[in-house]
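Trainee: need coordinates for the below:
(one chain, ligands or ions: 1)
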Amino acid sequence: MTSMPSWTAADLPDLTGRTVVITGAGRGLGLITARELARVGARVVLGVRDTGKARGAVAGLPGTFEVRPLDVSDLASVRAFAGAWSGDLDLLINNAGVMDIPAARTADGLDLQTATNYTGPFLLTALLLDRITDRVVHVTSELHKQGRLDLTDLDWRTRKHNGMQVYRASKLAVVLFSLELQRRLTAAGSPVRSVLASPGIARTSLAAHSRSNVVNRLRFLTNAPERGALSILYAATQDVPGNSYVGPDGPGGFRGFPALRKPGKAGLDPALAGRLWDATADLVGAVAR
Ligand SMILES: NC(=O)c1ccc[n+]([C@@H]2O[C@H](COP(=O)([O-])OP(=O)(O)OC[C@H]3O[C@@H](n4cnc5c(N)ncnc54)[C@H](OP(=O)(O)O)[C@@H]3O)[C@@H](O)[C@H]2O)c1
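Mentor: Residues are numbered from 1 along each chain as shown. Next up is the predicted model:
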């Protein structure tokens with residue numbers, strides 16, 4: 001682990017002239033990330049389900065915000081958001097996420113939690129990629145280390161649905177997505193980077209409804225939301241190598257200041273990452289191999 005001496009949002013560089021998209025930025029870590037990036041000059045586009053609520057959340061904050069409708073679990077909404085984009089996009093932050101929700105299917109028939117955390121962001125990234133000039137930040141979780149993927153049942157059709165298992169698997173898929181995306185970018189000679197951010201455990205409403213003992217037992221180890229967002233802000237703005245994994249420097253990566261950490265072993269498997277990419281492209285049916 002490479003530690004940086006207590007990096008905070010006060011160390012953010014000037015981002016004047018840069019355009020950033022943050023998904024799920026109407027509350028939680030996404031809103032803090034949006035607020036901080038706008039504070040240092042970025043034009044911040046919030047991709048959110050509830051545009052009225054998001055407008056209210058950023059009203060009066062210093063900086064330039066734009067709020068656009070985006071439900072990342074809905075492939076039509078993802079396509080509409082990407083289709084409406086014009087011009088360069090410096091930075092895409094795939095932040096929107098849900099944890100341990102009951103089994104449900106999207107309008108596309110996809111598992112809702114997987115579609116929100118992984119499948120939708122995969123499609124969004126693929127559709128926007130040729131506009132992105134700097135990097136994609138994928139918000140994952142330390143819990144990806146306990147994730148198990150079944151490429152024959154990525155979308156939880158045949159396995160018994162368990163909300164926490166689905167969450168862990170979706171966040172492992174995100175880690176492998178970053179690995180394969182970076183491989184493809186490098187192979188194509190692109191300067192664009194794919195970077196992972198893990199917030200540790202931050203006191204947002206993500207786990208409010210979760211019955212998971214793990215989450216509730218670990219609450220005493222948690223970060224304030226402001227601290228949790230630092231990993232995302234660091235991954236978004238600092239000169240880190242492609243496919244870096246930025247997470248809190250404390251024990252277990254649960255809390256602390258941003259550091260370059262290592263993802264779990266399964267998240268470093270290039271063959272699995274390649275097969276996952278193909279399986280996901282089949283699932284969303286829209287991305288050229
Ligand atoms: N907090 C933690 O300890 C922790 C730890 C590890 C990873 N993370 C990750 O950090 C990210 C942010 O989580 P958080 O802690 O800030 O949770 P949060 O407070 O519950 O915020 C989640 C955000 O995602 C948005 N969202 C959910 N489904 C969406 C969809 N289909 N389309 C668009 N936006 C959607 C929510 O928007 P609505 O207002 O419309 O619901 C909300 O803005 C997630 O990816 C999460 O997995 C968090």
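
Trainee: can you show me the helices along this protein?
Mentor: When assigned using DSSP state H, the helices of the chain occupy the ranges 28-39, 51-58, 75-83, 112-114, 120-128, 163-187, 213-217, 225-237, 270-284.

Trainee: how close does the closest residue to residue 181 other than its chain neighbours sit to the ligand?
Mentor: Leaving out its chain neighbours, the residue that sits closest to residue 181 by C-beta to C-beta, 6 or more residues apart in numbering is residue 194, at 4.2 Å. The way it works is simple: take the backbone N, C-alpha and C, and place the C-beta from them, glycine included. Computed as C-beta to the nearest ligand atom, to the nearest Å, the residue 194 to the ligand distance reads 16 Å.

Trainee: least confident of the helices of the chain, on average?
Mentor: Lowest mean pLDDT within the helices of the chain: helix 213-217, at a mean of 62.

Trainee: thought residue 242 was touching residue 182?
Mentor: Yes: counting by C-beta atoms under 8 Å, residue 182 is a contact partner of residue 242 at 4.3 Å.

Trainee: joint contacts of these two?
Mentor: When contacts are counted by C-beta atoms under 8 Å, 6 or more residues apart in numbering, the set common to residue 242 and residue 182 consists of 193, 194.

Trainee: how about the residue of the stretch 51-200 of the chain found nearest the ligand, nearest residue that isn't a chain neighbour?
Mentor: At 2.3 Å from the ligand, residue 97 is the closest residue in the stretch 51-200 of the chain, using C-beta to the nearest ligand atom. Distance criterion C-beta to C-beta, 6+ apart; nearest residue to residue 97, sequence neighbours excluded, is residue 117 at 5.0 Å.

Trainee: and for residue 169, the neighbour number?
Mentor: Residue 169 has 26 neighbouring residues, counting by other C-beta atoms under 10 Å.

Trainee: need the distance between the two termini of stretch 135-145.
Mentor: Using C-alpha to C-alpha, to the nearest Å, one end of stretch 135-145 lies 24 Å from the other.

Trainee: that stretch vs the ligand: in contact?
Mentor: Yes: remark: stretch 135-145 sits within contact range of the ligand at 139, 141, by C-beta under 6 Å from any ligand atom.

Trainee: give me the mean pLDDT for that stretch.
Mentor: 97.

Trainee: who's the residue nearest to residue 181 bridged to?
Mentor: Note on residue 194: beta-bridge partners residue 136, judged by DSSP bridges.

Trainee: residues in the stretch 51-200 of the chain within reach of the ligand, list them.
Mentor: Checking the stretch 51-200 of the chain against the ligand by C-beta under 6 Å from any ligand atom, the hits are 70-73, 95-99, 116, 139, 141, 199.

Trainee: narrow the residues you listed to those in strands?
Mentor: Judged by DSSP state E, the subset of these located in strands is residue 139.

Trainee: name the member of the residues of the stretch 51-200 of the chain next to the ligand with the most neighbours.
Mentor: Per-residue neighbour counts (other C-beta under 10 Å) across those peak at residue 199, which has 31 neighbours.

Trainee: is it correct that that one is in contact with residue 233?
Mentor: No: counting by C-beta under 8 Å, residue 199 sits too far from residue 233 to count as a contact (10.4 Å).

Trainee: circling back to that earlier point, format the helices of the chain as JSON lines; extra columns: distance to residue 148.
Mentor: Rendered in JSON lines, the data for the helices of the chain read as follows (distance: least, C-beta to C-beta, whole Å):
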{"stretch": "helix 28-39", "distance to residue 148": "25"}
{"stretch": "helix 51-58", "distance to residue 148": "34"}
{"stretch": "helix 75-83", "distance to residue 148": "25"}
{"stretch": "helix 112-114", "distance to residue 148": "13"}
{"stretch": "helix 120-128", "distance to residue 148": "19"}
{"stretch": "helix 163-187", "distance to residue 148": "6"}
{"stretch": "helix 213-217", "distance to residue 148": "15"}
{"stretch": "helix 225-237", "distance to residue 148": "24"}
{"stretch": "helix 270-284", "distance to residue 148": "11"}
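
Trainee: what about residue 53, how many neighbours?
Mentor: As a burial measure, the neighbour count of residue 53 was computed by other C-beta under 10 Å and equals 12.

Trainee: show me the contacts for the residue lying closest to it once chain neighbours are set aside.
Mentor: Taking C-beta to C-beta, 6+ apart, and ignoring the residues beside it in sequence, residue 53 has residue 26 as its nearest neighbour in space, at 5.2 Å. Taking C-beta under 8 Å, 6+ apart, we find residue 26 in contact with 46, 48, 49, 50, 53, 54, 57, 67.

Trainee: let's see 10 Å
Mentor: Residue 26 makes contact with 34, 46-58, 67, 96, according to C-beta atoms under 10 Å, 6 or more residues apart in numbering.
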